[in-house]
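J.: Sharing a model that was predicted from the sequence below.
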Amino acid sequence: MGNILNFNVQDLFVLAVKYLTESIDAKDKYTSGHSDRVRLYAVKVAEYIGLSKNEISTVYLASQLHDVGKAKISEHVLKKKGILSREETLEMEKHVIYAQHILSKHPLLQEVNIIVKHHHERWDGSGYPGGLTGENIPLVSRIIGICDSYDAMTTNRVYRRRKRDSEAVRELIAHKGTLYDPKLVDAFVALFEEGEIEFLKGMNFSRGFETNAWGEAVKLFKRAEKKFKDPERKYSIELKMLEIHNKMKQLDQSLLTIRKLEQLSSEYGIAINDKFLNENALYHYYKKEFDEVINISEMILSNRHISPLEHARALRHLAMSYWKLNKKEAALVEMSYCEEIYKELSGSLMLVHDKNYSIGLKYFELLDENYQLYEEISLNLAKMHDVQARIQFDLGAFNKALKYYDLSLDLKHDLDDSYGLSISHGGKGKLLSAMRRYEAAEQNFLMNLRTSRNLEIKRGIYLVNLERAKNFIRWGKLRKAKTIISELKKQFEQTPEIIMALVMIDLQEDNREKMEKKLGQIDPKKLKDPRCLIEYYRLMGQLYRKKDLHTAIRYIEDAAAISQQDRFVYLEIELRSLLAEIYSEHGDTAKSNLQLKLLNMLKMEEK
């Protein structure tokens, strides 16, 4: 994290708080994001009831730290399935005392310490540790108690299923005046009825930190949107859903959301912004409509008032489309411009301590804004490195590609971006397989698969399992490849890619009859991806290799010609090597030497 020197002691303290609470939440998969959600709800309630900015800053920090004492609770107790014993319950309740031991060490946290200590007190005196009643309980403790209870009820735990959000709200209402401050419950319920609670929860889930988090985020956003009155807020929610649909490759849903955004813009005069245009461009990219991506990206870049981040995104989309249209050198040029913008942004991040803010709400707002910008820059930089890696892979520069994937993975690890990590691991797996590092490739594919399953990305599951099967075939582990392909055929339609993976197995087993039958099921005119067409021609060449040399060479030459035209240097190297081998087998030394000469030229170009 290169920017760490730009933060002063206060900045590092608050960031350390955030990392500490995230690590505590991560001790139990059922509480992922819990502290962040409680903070979001508590700050919103504090704003609603009219607390001062200084008071809200205290709410911010205390709610983020409310479970800090759980750092000293054993994982056996935290993760126990079933009801806790009396001794275990007492141990769990000690987390508010343990929090005192931790928080008392910092002079800025005296008030926060008291609030955290009492956030499990209840209005009727039935809480702990002091059995305080009514307004004797600190106000902020009462706010956190309600928000903590709501999030606990609406989250799956090892010992019970979660309640629906509306059921949890009814539970709060049922216990106002007994467990909870009646006025604060009324404030929380009012925010829920306005859609604010579901919106905040959706924003938290949209980070994609747990199983089906994105699907849950979309459901929450839809419920919030129905309650929102302001068209601009509806627009912002639809834009967030478009981002999620694009990530999940739910392109039918993406298109519907684009139409909805255009309708809202037309009906209410909401200006189409660059973020929408970039998401629209990304939709067309996934639809393989690269000329349209270029048109939209150039439209964004023509706007002199564009934000630097959206400018960089548009450049990246432009480069991605050039890459797909086989203008790889042009793509690398756009990437270099993109990288310059990210470096400038990183260097010009507004530093909170330069503004001489004391720790207060404004300080937290600025630090949040600063850190969120840092995260967004880093995330986009990581995505750019992924594109650079793919281009270098195509050009046969495997070591450069590996360097870019590793740079991307380092950034995504810092950001805890599980979805981004899975994409980079998938790309790195393909690269390692091409480098014949099959075991390392499988490890990367498994990391990709885990996240695709957690986030229920069906297209991702299909693609990574297909790559795993091909990796096992190259590795010579045909039984494992057959098992994976068998599962793919059960879950998905039989695609040309699946058929060709099966043909690769037949080739390894030297079963030309089965190869011919399967390849006969593929219509090459329908293969839109040039890589698929290259693979089809390569397999056809291998099919005819032993019975019709002329036909075999014609197919492989066609595959090499497409590789050369589309600048898939690594594929052309493989195909020229195969042609040299075939010519040599049949005693045509001159043609074999010609292929070897072309092969050496390609390898020199690669270096």
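T.: Now that the structure is in, tell me what you want to look at. Residues are numbered from 1 along each chain as shown.

J.: all contacts plus neighbour counts: C-alpha atoms, from now on.
T.: OK.

J.: any weak-confidence spans in the chain?
T.: Along the chain, segments meeting pLDDT under 70 span 1-32, 157-160, 208-211, 347-371, 603-607.

J.: tell me the centre residue of it?
T.: Centroid-nearest residue in the chain: Tyr419, 2.7 Å away (criterion: CA atoms, centre = their mean).

J.: Grab the nearest non-local neighbour of that residue.
T.: Once flanking residues are discounted, Tyr419 sits nearest to Thr451: 6.5 Å by CA to CA, 6 or more residues apart in numbering.

J.: do the same with Met435
T.: Leaving aside its sequence neighbours, Met435 sits nearest to Phe398 (CA to CA, 6+ apart; 7.5 Å).

J.: can you pull the contacts of the one you found?
T.: Gln392, Leu431, Met435 (CA atoms under 8 Å, 6 or more residues apart in numbering).

J.: burial of Glu509, as a residue count?
T.: By other CA atoms under 10 Å, 10 other residues sit near Glu509.

J.: measure it to Lys477 for me?
T.: Distance of Glu509 to Lys477, given as CA to CA, to the nearest Å: 12 Å.

J.: Spell out the secondary structure type for Arg436.
T.: Put simply, Arg436 is coil when judged by DSSP: H, G, I helix; E, B strand; the rest coil.

J.: typed the wrong thing, it's Gly127
T.: Classified using three-state DSSP, Gly127 is coil.

J.: which residue sits closest to it in space, ignoring its chain neighbours?
T.: Closest residue in space to Gly127, ignoring its immediate chain neighbours: Glu121 at 4.0 Å, by CA to CA, 6+ apart.

J.: what about the one you found, neighbour count?
T.: 25.

J.: For it, which residues are in contact?
T.: So, once contact is read as CA under 8 Å, 6+ apart, Glu121 ends up touching Gly127, Tyr128, Pro129, Gly130, Gly131, Leu132, Thr133, Ile137, Ser141, Arg142, Gly145.

J.: Please enumerate the helices of the stretch 1-150 of the chain.
T.: Secondary structure of the stretch 1-150 of the chain (DSSP state H, counting those that start in this stretch): helices located at 9-26, 34-48, 53-64, 75-78, 86-93, 95-103, 110-117, 139-153.

J.: Show me the contact partners of the last one.
T.: So that's helix 139-153. Taking CA under 8 Å, 6+ apart as the rule, helix 139-153 contacts 34, 37-38, 41-42, 45-46, 59, 63, 66, 115-116, 118-122, 162-163, 168-169, 172, 180-181, 184-185.

J.: Against which helices or strands is the helix or strand just after it packed?
T.: As assigned by DSSP states H and E, the chain's next helix or strand after helix 139-153 is helix 165-174. Judged by 3 or more CA pairs under 8 Å, 6 or more residues apart in numbering; DSSP states H and E, helix 165-174 is in contact with helix 139-153, helix 182-193.

J.: residues near the closest residue to Ala552 other than its chain neighbours, how many?
T.: The shortest distance from Ala552 to any non-neighbouring residue, by CA to CA, 6+ apart, is to Gly541 (3.9 Å). By the criterion of other CA under 10 Å, Gly541 has 25 neighbours.

J.: cool, and Leu184?
T.: Counted with other CA under 10 Å, Leu184 comes out at 19.

J.: Could you count how many residues lie near the residue lying closest to it once chain neighbours are set aside?
T.: In space, and not counting its chain neighbours, Leu184 is closest to Ile143: 6.7 Å by CA to CA, 6+ apart. The number of residues packed near Ile143 is 26, by other CA under 10 Å.

J.: again with Lys597
T.: Applying other CA under 10 Å, we find 14 residues neighbouring Lys597.

J.: who's in contact with the helix or strand hosting it?
T.: Assigned by DSSP H and E, Lys597 belongs to helix 589-606. Contact with helix 589-606 is made by 395-397, 569, 573, 576-577, 579-584, as judged by CA under 8 Å, 6+ apart.

J.: nearest to Gly520, of the contacts of Phe398?
T.: Comparing those against Gly520 with CA to CA places Leu431 closest, at 29.6 Å.
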